[in-house]
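A.B. asks: Everything below, folded, please.
(chains A, B, C and D)
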Number of protein chains: 4
Amino acid sequence: EKPLALIAGPCVIEEYDIAFEIAASLKSVTDALEIPFIFKASYDKANRTSVTSFRGPGLREGLKILGRIKSELGVKVLSDVHQISEVGPAAEVLDMLQIPAFLCRQTDLILAVARTGKAVNIKKGQFLAPWDMKNVLEKAASAGNSDLCITERGAMFGYNNLVVDFRGIRIMQDAGWPVIFDATHSVQLPGGAGTSSSGQREFAPVLARAAVAAGADGVFIEVHKDPDRALCDGPNSLKLEDMPEMIRQLKAIREAL
Amino acid sequence: EKPLALIAGPCVIEEYDIAFEIAASLKSVTDALEIPFIFKASYDKANRTSVTSFRGPGLREGLKILGRIKSELGVKVLSDVHQISEVGPAAEVLDMLQIPAFLCRQTDLILAVARTGKAVNIKKGQFLAPWDMKNVLEKAASAGNSDLCITERGAMFGYNNLVVDFRGIRIMQDAGWPVIFDATHSVQLPGGAGTSSSGQREFAPVLARAAVAAGADGVFIEVHKDPDRALCDGPNSLKLEDMPEMIRQLKAIREAL
Amino acid sequence: EKPLALIAGPCVIEEYDIAFEIAASLKSVTDALEIPFIFKASYDKANRTSVTSFRGPGLREGLKILGRIKSELGVKVLSDVHQISEVGPAAEVLDMLQIPAFLCRQTDLILAVARTGKAVNIKKGQFLAPWDMKNVLEKAASAGNSDLCITERGAMFGYNNLVVDFRGIRIMQDAGWPVIFDATHSVQLPGGAGTSSSGQREFAPVLARAAVAAGADGVFIEVHKDPDRALCDGPNSLKLEDMPEMIRQLKAIREAL
Amino acid sequence: EKPLALIAGPCVIEEYDIAFEIAASLKSVTDALEIPFIFKASYDKANRTSVTSFRGPGLREGLKILGRIKSELGVKVLSDVHQISEVGPAAEVLDMLQIPAFLCRQTDLILAVARTGKAVNIKKGQFLAPWDMKNVLEKAASAGNSDLCITERGAMFGYNNLVVDFRGIRIMQDAGWPVIFDATHSVQLPGGAGTSSSGQREFAPVLARAAVAAGADGVFIEVHKDPDRALCDGPNSLKLEDMPEMIRQLKAIREAL
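C.D. replies: From the prediction side, this is the model:
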């Protein structure tokens, strides 16, 4: 039986020091609990609600920061990619490339990412059924890559709200792929704050526990030292200081199964 | 910390022997695991999809059977009630009266049930938000009854499908009431079989585990010795023989929290 | 080709004078436009959001008022019924009996109403697919009544919101029944005001026009002289004074088909 | 009062002859009815459900065909664009550039398209509320382009199904933009055929009539000479031969408002 995996980090790279501190802290927690860990931070947020929102340091500078963190801490690193032109440079640094949920139907992007041979995490679109991911994963697999996983992040439920259908974890696993549960995007209220998304971070630990009990292979969590001041996705991000207790509890649930 | 509670039994009373055997078996499992248990079986199914579906033995005969099981096994018993005229006779026998989900907005029925002073379980309508249950429970509480609980059984998600929003368990608990998770109605596909509801019983244990991890106070499960031959809700009912292992696991998750 | 029909009136009977004035005004408009008209007003609102909401004059007093309006103006009258015990007295006065949406699955109530031989209007539950109404209507038809129609009033769309699926009008007509479109309940925001439902009356004329263009057989509209002071469903009720122009336009769309 | 506009054509360019014949036929119908017309055909379908689906002739060949049709028939032409690198060549030929629904949150693509100064049609994502389009349109407007419109094509309603919320037409118009109603994508059943989307073309005329009655500024329709043999979106495409009668009726409804 494989251990629960963790993908975690800030939504976006704000600056090197903040990203490094989060990565170091998460590495220390996951080392102690013997949990496989991938550090997540995006170099660019290409689909913010508003054109004036903070987007990050960009491809070149962002990859440099992720490369430094990777070599200094010895952690694996992940970012999402949004255009085919980003795939080459990203694959030189990242251990895992991520397809954003809105882009999970873009055939050429999926093929380009899969062809790098790197591990690939495809977020499930908010507009897709669990069984719809079969075609998406088969696009990636057709490029000869079998190191693939799916991340569940909720489905649209009326307007400006998401719901997680925990049947989906089992359905997608039965189709043959590991399933990660994204605890913090699943509690977003998309567009809920007018010019940005709102969120309900208080429910992220509840849903993460439910997901592990439902059999998820891993958990994806966005964390920040001070979520209320985060430049992206603050309302649904969790506090770094709450991670040790939360991850310990998720591990305990996994072991009770 | 209170132990996890179990409400379980067949959807409808088919005949005395079957009901007794299920009750006895569940009592023995829950006694061994020290889990509080209420035996559930309906005397009448008043809102079947089709007019020709089996409805049960009716009020008088059904209550007689529930009364016998109660006294012979020393278990608590529950049925749902659908009309004010049923409330009096039902309260003489039942330990807990249940308001069906479709009827959870009928003010007079709620008041009549609450006025009996008996424990009341109100199923959350498939058309209500978790916070909408506040008004429903306040109707019952206005009759001077505080022995109330809510049962979550999924919300409409498009047509002929339900989804469970596990944020709701916490929301309704925070409003002040214990929340039971109905694992088997939550996997119904309402109307999904044309003249009856279909169901996906394979997901009921998955969702039950998720609910306990999310903090549910109890679990509601419809069971049958041979679900494929059950006269009501067979497609979503669980096998009696699978109960010991399933309940043991739910208890383990509860203890890991 | 049958003309468009209109069911309209205040949500609840507040007092005789108000009800009479609305009925008289609507009769004069529909007479002028040669539109068949049924006056609608409920004698009791049995499922208000809150236990403290206004419910109406009750069965006996309410039917007396409806009976007076019927004989004085020569209009047909409709109310909804909620319990089997109401059906007999209601059928003595009303021309059409209505099953509320929340109760459209209660087999015994449907049978009792259908057995009166009166015209029956069954509101489609907010939790049902259009094709699910086939079983509902067949319950009523099994009692030997063929004077049946369905009223569409929106389906749950996430929490505290409804959406109208206009494909449903055609689907239910193809199943063999006339379909009325309820323009004002379709723009309710159920539970949206905390202890009562909110509504968006500004969209009711838009949706009514869409429904007529989609082929609806009739339109159902709740109106009030002063909707902001209505004791029930004010936020989604339309102004009596806006009716002539609105109904004239609906008739013009019907004639353009 | 502006006349109703029409955007129509085959989903994808299959070959020159077919595209030309459709364009010529639609031009003749719309000329006769004095309806402004834009011919729509995609040069590439970049997000087909399956990696093996037909995608079209590609950018270069597709634009050549659209350019020929434009000059030979004197019609305006539209295609969707999926990557920033396509925008320059596309803007040299097309009269209107379209952002696909899945890509309506990709900031850089919207900016690149808007900066061409060409007319822009942004499809509303199946995962967005009507009011969420305000931020999307403001991204485009921030590039100095005011020749913008929105196309409604339904919102996710559970799994593999869409519903059109006709309140949205008014909401988006009130925010300041013309709203086109996409009658044929709105009746898609996304992913409904396993490795492709299914559709219910029989409802497209019903919804188109509803949209015009609700006040839509134009209608978008995918048509094919033989929809059952179309290489893309056949199940929801309409027959070319049915267009004259359908458009005539839409115009009559518009004039009845």
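
A.B. asks: Next to chain C, which bits of chain A? Give me the list.
C.D. replies: Residues of chain A lying near chain C by CB under 8 Å from any CB of the partner chain: A:Phe157, A:Gly158, A:Tyr159, A:Asn161. C-beta coordinates here come from the backbone N, C-alpha and C atoms, glycine included.

A.B. asks: quick one: the first one from D:Ala155, how far?
C.D. replies: When distances are taken as CB to CB, to the nearest Å, A:Phe157 and D:Ala155 turn out to be 11 Å apart.

A.B. asks: and if you look at the second one?
C.D. replies: Separation of A:Gly158 from D:Ala155 (CB to CB): 9 Å.

A.B. asks: repeat for the last one
C.D. replies: Using CB to CB, one gets 12 Å for the distance from A:Asn161 to D:Ala155.

A.B. asks: cool, and A:Leu257?
C.D. replies: 36 Å.

A.B. asks: Same check on A:Thr52?
C.D. replies: For A:Thr52, the distance to D:Ala155 - CB to CB - is 26 Å.

A.B. asks: Looking at those two, which has the bigger crowd around it?
C.D. replies: Shown here are A:Thr52 and D:Ala155; by other CB atoms under 10 Å in any protein chain shown, D:Ala155 has more neighbours (24 against 13).

A.B. asks: Could you pull up the contacting residues of A:Arg201?
C.D. replies: A:Thr184, A:Val187, A:Pro227, A:Pro235, A:Asn236, A:Ser237, A:Leu238 (CB atoms under 8 Å, 6 or more residues apart in numbering or on different chains).

A.B. asks: How about the helix ranked longest in chain A and chain B, any contact?
C.D. replies: As assigned by DSSP state H, the longest helix anywhere in chain A is helix A:16-33. No. For helix A:16-33 and chain B, the contact criterion (CB under 8 Å from any CB) is not met; the two come no nearer than 14.1 Å.

A.B. asks: now swap in stretch A:145-152 and tell me
C.D. replies: No. Against chain B, stretch A:145-152 shows no contacts by CB under 8 Å from any CB, the least distance being 12.4 Å.

A.B. asks: Run a quick neighbour tally on the residue in the stretch 151-257 of chain A positioned nearest to chain D.
C.D. replies: For the stretch 151-257 of chain A, the residue closest to chain D is A:Tyr159, as judged by CB to the nearest CB, at 3.7 Å. Neighbourhood size, A:Tyr159 [other CB under 10 Å]: 23.

A.B. asks: For it, give me its contacts.
C.D. replies: Counted by CB under 8 Å, 6+ apart, A:Tyr159 has contacts C:Phe157, C:Gly158, C:Asn161, D:Ala129, D:Asp132, D:Ala155.

A.B. asks: Among those residues, name the ones in strands.
C.D. replies: Within those, residues falling in strands by DSSP state E are D:Ala155.

A.B. asks: Contacting chain A as well, which ones from the contacts of A:Tyr159?
C.D. replies: C:Phe157, C:Gly158, C:Asn161, D:Ala129, D:Asp132, D:Ala155.

A.B. asks: From those, pick the one nearest A:Pro244.
C.D. replies: C:Gly158 (35.1 Å; CB to CB).

A.B. asks: okay, now the closest one: neighbour count?
C.D. replies: The criterion is other CB under 10 Å. On that basis, C:Gly158 has 22 neighbouring residues.

A.B. asks: Can you add pLDDT and give the ones next to chain A among the contacts of A:Tyr159 back as a markdown table?
C.D. replies: Shown next, in a markdown table, are these (pLDDT from 0 to 100):
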| residue | pLDDT |
| --- | --- |
| C:Phe157 | 98 |
| C:Gly158 | 98 |
| C:Asn161 | 97 |
| D:Ala129 | 97 |
| D:Asp132 | 96 |
| D:Ala155 | 98 |
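
A.B. asks: Put together a markdown table for those residues, with distance to C:Ala204 on each row.
C.D. replies: Below are the ones next to chain A among the contacts of A:Tyr159 laid out as a markdown table (distance: CB to CB, whole Å):
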| residue | distance to C:Ala204 |
| --- | --- |
| C:Phe157 | 17 |
| C:Gly158 | 20 |
| C:Asn161 | 15 |
| D:Ala129 | 19 |
| D:Asp132 | 23 |
| D:Ala155 | 20 |
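
A.B. asks: quick one: the helices in chain A?
C.D. replies: A:16-33, A:59-73, A:84-93, A:107-115, A:133-141, A:167-174, A:204-213, A:243-256.

A.B. asks: how far off helix A:107-115 does the fifth one point, in degrees?
C.D. replies: By that I understand helix A:133-141. Relative orientation of helix A:133-141 and helix A:107-115, computed by axes from the mean of the first three to the mean of the last three CA atoms, to 10 degrees: 60 degrees.

A.B. asks: How about helix A:133-141 and chain D, touching?
C.D. replies: Yes. Using CB under 8 Å from any CB, helix A:133-141 reaches chain D at A:Asn135, A:Glu138, A:Lys139.

A.B. asks: buried set for that helix?
C.D. replies: Neighbour counts over helix A:133-141 (16 or more other CB atoms under 10 Å in any protein chain shown) mark A:Met133, A:Lys134, A:Asn135, A:Val136, A:Leu137, A:Glu138, A:Lys139, A:Ala140, A:Ala141 as buried.

A.B. asks: ditto for the second one
C.D. replies: Neighbour-count burial for helix A:59-73, with 16+ other CB under 10 Å as criterion, is recorded at A:Leu59, A:Gly62, A:Leu63, A:Ile65, A:Leu66, A:Ile69, A:Lys70, A:Leu73.

A.B. asks: what sits up against that helix?
C.D. replies: Helix A:59-73 is contacted by residues A:13, A:16, A:19-20, A:23-24, A:27, A:39, A:41-44, A:56-57, A:75-77, A:79, A:86, A:89-90, A:92-95 when judged by CB under 8 Å, 6+ apart.

A.B. asks: switch to 10 Å and redo it
C.D. replies: A:9, A:12-17, A:19-20, A:22-24, A:26-28, A:37, A:39-44, A:56-57, A:75-79, A:81-83, A:85-86, A:89-90, A:92-95 (CB atoms under 10 Å, 6 or more residues apart in numbering or on different chains).

A.B. asks: hang on, the earlier thing: please convert the buried members of the contacts of A:Arg201 into ChimeraX selection syntax.
C.D. replies: In ChimeraX syntax, the buried subset of the contacts of A:Arg201 is picked out as below (16+ other CB under 10 Å):
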select /A:184,187,227,235,236,237,238
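
A.B. asks: Need the max-distance pair from the residues of chain A next to chain C.
C.D. replies: So, the residues of chain A next to chain C by CB to CB: farthest apart are A:Phe157 and A:Tyr159, at 8.8 Å.

A.B. asks: burial measure for the residue nearest to A:Ala210 when sequence neighbours are not counted, as a count.
C.D. replies: In this structure, A:Ala210 finds its nearest non-sequential neighbour in B:Ala210, 3.8 Å apart by CB to CB, 6 or more residues apart in numbering or on different chains. Residues within reach of B:Ala210, counting by other CB under 10 Å, total 31.
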